[in-house]
Each structure stands twice: as C-alpha cells, then as structure tokens.
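Engineer: predicted structure and sequence below. I'll ask about it afterward.
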Amino acid sequence: QAQLVESGGGLVQSGGSLSVSCVASGMYSRINKMGWYRQAPGKQRELVATVTSGGSTNYADSVKGRFTISSDNAKNTVHLQMASLKPEDTAVYYCYAAVFLSYYSSTTYDYWGQGTQVTVSS
C-alpha cells in the first residue's frame, strides 16, 4: 500500500502562482505514475497532470502552458507548479499515484491523497 501526503496550496489572486507537492511512502515495489487531479464543488474529479517514472507528462488542455508537473523518483515526490491561475482553477487538488505492489507483477494500484485546497480569487 501507499500513502500520499500533499502540501502547499492555499489562496492566491487571479494571475498569481502557487505550487503543491506530494510525497509517497509505504509498502510498494515502485511507482509507475504520479500526478494531480482536482475537484471543484459540484463537479466531477478531473485530470490536471500526470508524470510517469520515465518522465512522460500529460496535461489537461485547460492547464497546458500554465501548469508544470515534475517528479523526483529518488524521493518519491511530485510537484505541480501553477502559474497564471484563474478563478476556475479553484478546487481541491488530489495527489495520485499508480504503484506496483510487487516487483514481479505488472498490475498497478491507484492511491489518492486527502486533497489540498487551492482557491483563486478574482
């Protein structure tokens, strides 16, 4: 199993910048992918960005060019740098990790953090 602990987030004015970070720990073999999802009030959870252990990134169209995801495989951490923030970016941001529990298994299991609030005021 994996535990994900987020940090960062908070309140920022429109056009400002903010970052969130997440560290993974626990009993697993290795991490396949980490990333961030978000959920605004009354909306479904949606992808923000992910990064694989090989460094491949994927971004939601709504954040491309504004958000940057990075990871440190040695430290099992993932960071999301958010710039040019808009009020519509306001949401609870959840850290996500897909991990291999066994070295011999090709099956990944998904884990989630508890979420951190990001609020962008207009």
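Structural biologist: Yes, it's here.

Engineer: switch to C-alpha atoms for all contacts and neighbour counts from now on
Structural biologist: Fine.

Engineer: in the sheet, who's paired with the most centrally placed residue in the chain?
Structural biologist: In the chain, the residue lying closest to the centroid (CA atoms, centre = their mean) is residue 36, at 2.2 Å. Counting by DSSP bridges, residue 36 forms beta bridges with residue 49, residue 95.

Engineer: what's near enough to touch it?
Structural biologist: 47, 48, 49, 50, 80, 93, 94, 95, 96 (CA atoms under 8 Å, 6 or more residues apart in numbering).

Engineer: skipping its backbone neighbours, what lies nearest the fourth one in space?
Structural biologist: Nearest residue to residue 50, sequence neighbours excluded (CA to CA, 6 or more residues apart in numbering): residue 35, at 3.9 Å.

Engineer: same check, this time on the fifth one
Structural biologist: The shortest distance from residue 80 to any non-neighbouring residue, by CA to CA, 6+ apart, is to residue 69 (4.5 Å).

Engineer: near that neighbour, how many other residues are there?
Structural biologist: 23 (other CA atoms under 10 Å).

Engineer: and stretch 4-14, how far apart are its ends?
Structural biologist: 28 Å (CA to CA, to the nearest Å).

Engineer: same thing with stretch 103-119?
Structural biologist: End-to-end distance (CA to CA), stretch 103-119: 39 Å.

Engineer: that one - what's its average pLDDT?
Structural biologist: Stretch 103-119 shows a mean pLDDT of 93.
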